[in-house]
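Peer 1: Prediction below, plus the sequence it came from.
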Amino acid sequence: MFYQKLSFLIITIFLFVSCSKNDDKGKAYVSNQKAKISVIDLNNFEVVNEIESYGGSPRGIGVSEDGKYLIVANGDDGNIAIIDRISGELNKKVDIGENPEFVRVKDNLAFVSYEPASIGGPPPKPGSQAEKELREKREEEDEQPAQVAVVDIEKGEVIKSIVGGMETEGIEFSSDGSKILVTNEADDNVSVHDIESGELYKTISTIEYGYRPRGIKMSPDGSYYVASIEYGDSLVILDSNFEVIQSVKTGRVPYGIAFSDDGDKLFVALNKDSALEVFDTKTWESIKKIPTGKRCWHFSYTPDRNSMLVACGRSDNIIIIDPNNLEKVSEIPSKGMPWGIVTFPKATGSLD
């Protein structure tokens, strides 16, 4: 009888632990430009920990496919930190180049944009005399364009670099995985490169639709791509051959973008409108603008797809949105100018 009771107790404990693990909704990781990496428990939407970024001005952030590492771009230090996601301990720093910013992870590789010619701070007004002078200066001095460093995460080393344009910003992969698409904000174009060789495959001008392309995302079915044009208040839609087939007007100053998993909706972060605009991708009509905070650039679904978290740098908070009824639910204070946000288990977002 004793052994029967003991066995029953062991089985009960095992089932409880298993169910508890299965019910765990995961965590979100927020890069704060003036602080550490915030860890948000997605079971209760509370900040439960802070992780060192091991450098200054962390911006771009990604998580390895297996969830073992966080990859953080430290703009002030010209490197990325590969950090053990669970312990928060530094695994390795990898020198990248000046102003590393955007991070995308594919398989065991991290693609990190860096900008040797970046002037830092707010850009000149598009079309202004200051912008014209900056372009002329770059041409005269033959300044180096931005590049995308390809880092082997396990080895902790740069294995190649792909030359982009001036101030490369967003990064996306082609549907077959052979190419990388990058938005070059100071060149007003999207360039497509072969990942294996690094060679330029195609350049798509976006100047007709406005200045400074920023975010870029592939539709879930891989049939088209969308780029946001910051100072054009518009989206540019490219077909599978990287040809512009349509443009769509947005609210003021669009930045990060992401699709719903089924591809029926596109979410667009609007900097100046302090909102997340939602589009019906069948008609490209704007469904709603959901109020957020100030300078909300990046956002992510939670792994269960029941919530969306938006990082708002100038209001020092994370906005929680219900993506089903498109309403703001609540917010989480996050001091230190939050910039990027990713989750594990991995979920759809403007960075992942």
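Peer 2: Yep, that arrived.
Peer 1: Next, report how far the helix or strand in which Glu169 is found is displaced from the centre of its chain.
Peer 2: Assigned by DSSP states H and E, Glu169 belongs to strand 168-173. Here strand 168-173 is found 9 Å from its chain centre; the criterion is CA atoms, centre = their mean, to the nearest Å.
Peer 1: Can you tell me which helices and strands it packs against?
Peer 2: Helices and strands touching strand 168-173, by 3 or more CB pairs under 8 Å, 6 or more residues apart in numbering; DSSP states H and E, are strand 103-106, strand 109-114, strand 147-152, strand 179-184, strand 211-218, strand 224-231. For the C-beta atoms, the positions are set from N, CA and C on the backbone; glycine is no exception.
Peer 1: If we use 6 Å, what do you get?
Peer 2: Packed against strand 168-173 by the contact rule (3 or more CB pairs under 6 Å, 6 or more residues apart in numbering; DSSP states H and E) you find strand 179-184, strand 211-218.
Peer 1: ok, Ala28 - contacts?
Peer 2: By CB atoms under 6 Å, 6 or more residues apart in numbering, Ala28 lies in contact with 40, 42, 309, 341, 343.
Peer 1: Isn't the second one up against Thr302?
Peer 2: To tie it back to what came earlier, the one meant is Leu42. Yes. Using CB atoms under 6 Å, Leu42 is in contact with Thr302, at 5.2 Å.
Peer 1: what are the pairing partners of the helix or strand hosting Ile318, and which direction each?
Peer 2: Assigned by DSSP H and E, Ile318 falls within strand 317-322. The strands beside strand 317-322 in its sheet (DSSP bridges) come out as strand 308-312 (antiparallel), strand 327-333 (antiparallel).
Peer 1: contacting residues around the shortest one?
Peer 2: To tie it back to what came earlier, the one meant is strand 308-312. Under the contact criterion CB under 6 Å, 6+ apart, strand 308-312 has outside partners 28, 30, 292-294, 296, 298-301, 318-319, 321, 323, 338, 341.
Peer 1: filter those residues to the buried ones?
Peer 2: Buried members of the contacts of strand 308-312, scored by 16 or more other CB atoms under 10 Å, are 28, 30, 292-293, 296, 298-301, 318-319, 321, 323, 338, 341.
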